[in-house]
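Q: Have a look; sequence and predicted model below, questions after that.
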Amino acid sequence: MAEAAVSVRPEKPPRNWWLWGTALAFLVLMTWWSARGIGFSINELVCNIGGGRRLLQESWPPDFSFLPRLFAPFLETVQIAIIGTVVGAILAIPISVLAARNLTLGMFVWFVDRNFMNILRTLPDLFWAMLFATAVGFGPIAGALALTVFTIAVVSKLYSESLEAIDMGLTEAIRAAGGSWWQMVQYGALPQSLSQYVSYVLYGFELNIRASMILGLVGAGGIGMILETQRSNFEYERVTMIILVVLVAVLVIEQVSAVIRRRLT
(Lines give C-alpha, C1' and ligand atoms only; values in the text may rest on other atoms or scores of the structure.)
Protein backbone atom coordinates (compact mmCIF):
# COMPACT_ATOMS: atom_id res chain seq x y z
CA MET A 1 0.00 0.00 0.00
CA ALA A 2 1.34 3.35 -0.98
CA GLU A 3 1.88 5.62 1.89
CA ALA A 4 -0.19 8.75 1.88
CA ALA A 5 1.81 11.81 1.12
CA VAL A 6 2.11 14.03 4.10
CA SER A 7 2.24 17.72 3.30
CA VAL A 8 4.64 19.59 5.51
CA ARG A 9 4.14 23.29 5.92
CA PRO A 10 7.30 25.33 5.78
CA GLU A 11 8.20 26.89 9.06
CA LYS A 12 7.45 30.57 9.24
CA PRO A 13 10.43 32.75 9.97
CA PRO A 14 10.38 34.04 13.53
CA ARG A 15 9.00 37.51 13.91
CA ASN A 16 11.08 39.98 15.81
CA TRP A 17 8.24 41.46 17.81
CA TRP A 18 10.64 43.33 20.05
CA LEU A 19 12.20 45.02 17.02
CA TRP A 20 8.81 46.06 15.61
CA GLY A 21 7.69 47.25 19.04
CA THR A 22 10.83 49.30 19.53
CA ALA A 23 10.49 50.88 16.08
CA LEU A 24 6.81 51.71 16.70
CA ALA A 25 7.57 53.21 20.11
CA PHE A 26 10.38 55.28 18.61
CA LEU A 27 8.07 56.50 15.84
CA VAL A 28 5.37 57.50 18.33
CA LEU A 29 7.90 59.23 20.55
CA MET A 30 9.43 61.20 17.66
CA THR A 31 5.96 62.21 16.42
CA TRP A 32 4.99 63.43 19.88
CA TRP A 33 8.29 65.31 20.23
CA SER A 34 7.86 66.94 16.81
CA ALA A 35 4.26 67.95 17.59
CA ARG A 36 5.39 69.57 20.83
CA GLY A 37 8.19 71.34 18.99
CA ILE A 38 5.91 73.00 16.42
CA GLY A 39 3.17 73.78 18.92
CA PHE A 40 0.59 71.45 17.38
CA SER A 41 -2.71 71.42 19.24
CA ILE A 42 -5.77 69.35 18.41
CA ASN A 43 -7.99 71.81 20.30
CA GLU A 44 -6.84 74.71 18.11
CA LEU A 45 -7.31 72.59 15.02
CA VAL A 46 -10.89 71.76 15.99
CA CYS A 47 -11.65 75.37 16.93
CA ASN A 48 -10.34 76.66 13.59
CA ILE A 49 -12.09 74.09 11.43
CA GLY A 50 -14.90 76.54 10.89
CA GLY A 51 -12.52 78.82 8.99
CA GLY A 52 -11.62 75.99 6.65
CA ARG A 53 -15.29 75.26 6.04
CA ARG A 54 -15.93 78.92 5.25
CA LEU A 55 -12.97 78.95 2.83
CA LEU A 56 -14.37 75.94 0.99
CA GLN A 57 -17.76 77.60 0.71
CA GLU A 58 -16.19 80.74 -0.73
CA SER A 59 -14.11 78.69 -3.19
CA TRP A 60 -17.02 76.79 -4.74
CA PRO A 61 -18.29 76.84 -7.40
CA PRO A 62 -15.34 77.88 -9.60
CA ASP A 63 -15.60 81.07 -11.61
CA PHE A 64 -15.75 79.64 -15.15
CA SER A 65 -16.06 83.13 -16.61
CA PHE A 66 -12.42 83.63 -15.58
CA LEU A 67 -11.27 80.69 -17.73
CA PRO A 68 -10.51 82.64 -20.97
CA ARG A 69 -8.12 84.90 -19.07
CA LEU A 70 -6.05 81.87 -18.01
CA PHE A 71 -5.07 80.77 -21.50
CA ALA A 72 -2.12 83.15 -21.97
CA PRO A 73 -0.55 82.71 -18.50
CA PHE A 74 -1.01 78.93 -18.65
CA LEU A 75 0.63 78.85 -22.09
CA GLU A 76 3.51 80.80 -20.58
CA THR A 77 3.70 78.22 -17.78
CA VAL A 78 4.01 75.39 -20.32
CA GLN A 79 6.67 77.31 -22.22
CA ILE A 80 8.66 77.86 -19.04
CA ALA A 81 8.44 74.16 -18.22
CA ILE A 82 9.51 73.12 -21.74
CA ILE A 83 12.56 75.38 -21.76
CA GLY A 84 13.59 74.32 -18.27
CA THR A 85 13.15 70.64 -19.08
CA VAL A 86 14.95 70.63 -22.44
CA VAL A 87 17.93 72.74 -21.38
CA GLY A 88 18.21 71.07 -17.98
CA ALA A 89 17.97 67.55 -19.43
CA ILE A 90 20.77 68.26 -21.93
CA LEU A 91 23.05 69.72 -19.28
CA ALA A 92 22.29 66.79 -16.97
CA ILE A 93 23.91 64.26 -19.33
CA PRO A 94 27.59 65.17 -18.76
CA ILE A 95 26.92 65.72 -15.06
CA SER A 96 25.34 62.26 -14.81
CA VAL A 97 28.20 60.58 -16.67
CA LEU A 98 30.86 62.13 -14.46
CA ALA A 99 28.82 61.26 -11.35
CA ALA A 100 28.68 57.53 -12.25
CA ARG A 101 31.47 55.60 -10.52
CA ASN A 102 31.97 53.23 -13.45
CA LEU A 103 32.28 56.01 -16.05
CA THR A 104 33.86 58.98 -14.30
CA LEU A 105 37.31 60.30 -15.21
CA GLY A 106 38.64 59.88 -11.70
CA MET A 107 37.68 59.91 -8.04
CA PHE A 108 38.42 63.61 -7.71
CA VAL A 109 36.11 64.43 -10.64
CA TRP A 110 33.48 62.10 -9.18
CA PHE A 111 33.75 63.76 -5.75
CA VAL A 112 33.44 67.29 -7.13
CA ASP A 113 30.56 66.35 -9.45
CA ARG A 114 28.66 64.51 -6.73
CA ASN A 115 28.93 67.44 -4.35
CA PHE A 116 27.83 69.80 -7.10
CA MET A 117 24.72 67.65 -7.58
CA ASN A 118 24.10 67.68 -3.83
CA ILE A 119 24.22 71.48 -3.77
CA LEU A 120 21.68 71.70 -6.59
CA ARG A 121 19.34 69.29 -4.79
CA THR A 122 19.77 70.94 -1.42
CA LEU A 123 18.49 74.34 -2.55
CA PRO A 124 14.76 74.22 -3.45
CA ASP A 125 13.34 75.43 -6.74
CA LEU A 126 11.64 78.33 -4.98
CA PHE A 127 15.02 79.61 -3.82
CA TRP A 128 16.41 79.43 -7.35
CA ALA A 129 13.38 81.34 -8.63
CA MET A 130 13.91 84.10 -6.06
CA LEU A 131 17.62 84.20 -6.89
CA PHE A 132 17.13 84.44 -10.64
CA ALA A 133 14.26 86.92 -10.24
CA THR A 134 16.67 89.18 -8.38
CA ALA A 135 19.43 88.62 -10.94
CA VAL A 136 17.55 88.93 -14.25
CA GLY A 137 14.30 90.53 -13.13
CA PHE A 138 10.79 89.26 -12.53
CA GLY A 139 9.22 87.29 -15.35
CA PRO A 140 9.29 83.99 -17.23
CA ILE A 141 13.05 84.06 -17.87
CA ALA A 142 13.71 83.73 -14.15
CA GLY A 143 11.26 80.83 -13.99
CA ALA A 144 12.89 79.07 -16.94
CA LEU A 145 16.34 79.40 -15.37
CA ALA A 146 15.07 78.11 -12.02
CA LEU A 147 13.43 75.08 -13.65
CA THR A 148 16.61 74.42 -15.64
CA VAL A 149 18.56 74.07 -12.41
CA PHE A 150 15.75 72.00 -10.89
CA THR A 151 15.72 69.65 -13.89
CA ILE A 152 19.49 69.21 -13.74
CA ALA A 153 19.23 68.26 -10.07
CA VAL A 154 16.46 65.70 -10.62
CA VAL A 155 17.57 64.10 -13.89
CA SER A 156 21.30 63.94 -13.07
CA LYS A 157 20.65 62.15 -9.79
CA LEU A 158 18.35 59.51 -11.32
CA TYR A 159 20.31 59.08 -14.54
CA SER A 160 23.68 58.70 -12.83
CA GLU A 161 22.29 55.78 -10.83
CA SER A 162 21.01 54.17 -14.03
CA LEU A 163 24.44 54.55 -15.64
CA GLU A 164 26.04 52.82 -12.69
CA ALA A 165 23.79 49.79 -13.29
CA ILE A 166 24.62 49.25 -17.00
CA ASP A 167 26.43 46.19 -18.36
CA MET A 168 30.10 47.15 -18.53
CA GLY A 169 30.98 44.36 -20.97
CA LEU A 170 30.32 46.50 -24.05
CA THR A 171 32.14 49.52 -22.67
CA GLU A 172 35.18 47.43 -21.73
CA ALA A 173 35.19 45.90 -25.22
CA ILE A 174 35.25 49.38 -26.77
CA ARG A 175 38.14 50.39 -24.55
CA ALA A 176 40.00 47.17 -25.33
CA ALA A 177 39.61 47.84 -29.05
CA GLY A 178 41.34 51.19 -28.64
CA GLY A 179 38.32 53.42 -28.22
CA SER A 180 38.56 56.66 -26.29
CA TRP A 181 36.69 57.45 -23.09
CA TRP A 182 34.14 59.50 -25.00
CA GLN A 183 33.60 56.68 -27.53
CA MET A 184 33.07 54.29 -24.64
CA VAL A 185 30.41 56.59 -23.20
CA GLN A 186 28.82 57.46 -26.55
CA TYR A 187 28.59 53.95 -28.02
CA GLY A 188 28.68 51.76 -24.93
CA ALA A 189 27.00 53.48 -21.98
CA LEU A 190 24.45 55.98 -23.29
CA PRO A 191 22.61 53.61 -25.69
CA GLN A 192 22.03 51.11 -22.87
CA SER A 193 20.34 53.70 -20.68
CA LEU A 194 18.49 55.75 -23.31
CA SER A 195 15.03 54.53 -22.31
CA GLN A 196 15.65 55.36 -18.64
CA TYR A 197 16.93 58.80 -19.62
CA VAL A 198 13.80 59.61 -21.64
CA SER A 199 11.66 58.37 -18.75
CA TYR A 200 13.46 60.65 -16.30
CA VAL A 201 13.11 63.64 -18.65
CA LEU A 202 9.36 63.07 -18.95
CA TYR A 203 9.13 62.78 -15.18
CA GLY A 204 11.05 66.05 -14.86
CA PHE A 205 8.61 67.73 -17.24
CA GLU A 206 5.68 66.64 -15.07
CA LEU A 207 7.42 68.08 -12.01
CA ASN A 208 8.20 71.31 -13.83
CA ILE A 209 4.56 71.90 -14.74
CA ARG A 210 3.67 71.67 -11.06
CA ALA A 211 6.70 73.67 -9.94
CA SER A 212 6.14 76.47 -12.44
CA MET A 213 2.82 77.17 -10.75
CA ILE A 214 4.60 77.73 -7.44
CA LEU A 215 7.46 79.74 -8.95
CA GLY A 216 4.98 82.34 -10.13
CA LEU A 217 4.30 83.19 -6.51
CA VAL A 218 7.70 84.87 -6.31
CA GLY A 219 7.35 86.69 -9.62
CA ALA A 220 8.91 84.06 -11.89
CA GLY A 221 6.12 84.22 -14.50
CA GLY A 222 3.40 81.84 -15.50
CA ILE A 223 0.01 81.10 -14.06
CA GLY A 224 1.37 81.25 -10.53
CA MET A 225 1.49 85.05 -10.67
CA ILE A 226 -2.23 85.11 -11.53
CA LEU A 227 -2.87 82.67 -8.69
CA GLU A 228 -1.08 84.87 -6.17
CA THR A 229 -2.93 87.97 -7.39
CA GLN A 230 -6.34 86.33 -7.03
CA ARG A 231 -5.46 84.88 -3.63
CA SER A 232 -4.34 88.30 -2.39
CA ASN A 233 -7.66 89.76 -3.56
CA PHE A 234 -9.60 86.95 -1.83
CA GLU A 235 -11.07 85.80 -5.17
CA TYR A 236 -11.23 82.18 -4.07
CA GLU A 237 -13.62 81.11 -6.85
CA ARG A 238 -10.97 82.15 -9.35
CA VAL A 239 -8.28 80.42 -7.32
CA THR A 240 -10.27 77.21 -7.57
CA MET A 241 -10.59 77.69 -11.32
CA ILE A 242 -6.82 78.07 -11.65
CA ILE A 243 -6.20 74.96 -9.57
CA LEU A 244 -8.63 72.95 -11.70
CA VAL A 245 -6.92 74.06 -14.92
CA VAL A 246 -3.51 73.04 -13.62
CA LEU A 247 -4.91 69.77 -12.27
CA VAL A 248 -6.39 68.80 -15.63
CA ALA A 249 -3.17 69.73 -17.42
CA VAL A 250 -1.05 67.69 -15.02
CA LEU A 251 -3.31 64.65 -15.36
CA VAL A 252 -3.17 64.82 -19.16
CA ILE A 253 0.60 65.20 -19.19
CA GLU A 254 0.97 62.36 -16.70
CA GLN A 255 -1.11 60.01 -18.85
CA VAL A 256 0.78 60.91 -22.03
CA SER A 257 4.10 60.44 -20.23
CA ALA A 258 2.98 57.05 -18.91
CA VAL A 259 2.10 55.88 -22.43
CA ILE A 260 5.48 57.01 -23.79
CA ARG A 261 7.34 55.30 -20.95
CA ARG A 262 5.49 52.04 -21.53
CA ARG A 263 6.44 52.22 -25.21
CA LEU A 264 10.10 52.61 -24.30
CA THR A 265 10.25 49.70 -21.85
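A: The structure has been received and is ready for your questions.
Q: Give me the three-state assignment for Ile214.
A: Under DSSP: H, G, I helix; E, B strand; the rest coil, Ile214 falls in the helix class.
Q: isn't it right up against Gly224?
A: Yes - Ile214 lies in contact with Gly224 (CB atoms under 8 Å); the separation is 5.9 Å. For glycine as for every other residue, the C-beta is placed from the backbone atoms N, C-alpha and C.
Q: And the two? Which one has more around it.
A: More neighbours surround Gly224 than the other of Ile214 and Gly224, with 25 against 18 (other CB atoms under 10 Å).
Q: Report the secondary structure state of that one.
A: Relying on three-state DSSP, one would call Gly224 helix.
Q: check contacts around it.
A: Neighbouring residues of Gly224 by CB atoms under 8 Å, 6 or more residues apart in numbering: Thr77, Ser212, Met213, Ile214, Leu215, Gly216, Leu217.
Q: Output the below-cut-off pLDDT ranges for the protein.
A: Residue ranges of the chain with pLDDT under 70: 1-15, 45, 48-53, 55, 57-59, 219-221, 264-265.
Q: ok, and the closest non-adjacent residue to the residue nearest to the spatial centre of it?
A: Central residue of the chain (CA atoms, centre = their mean): Leu207, 4.9 Å from the mean position. Residue nearest to Leu207 in three dimensions, not counting chain neighbours: Val154, with 6.5 Å by CB to CB, 6 or more residues apart in numbering.
Q: Helix or strand for the residue nearest to the centre of the chain, just tell me which one.
A: helix 194-215 (DSSP states H and E).
Q: How about that helix, which residues are buried there?
A: Neighbour-count burial for helix 194-215 flags 196-209, 211-215 (criterion: 16 or more other CB atoms under 10 Å).
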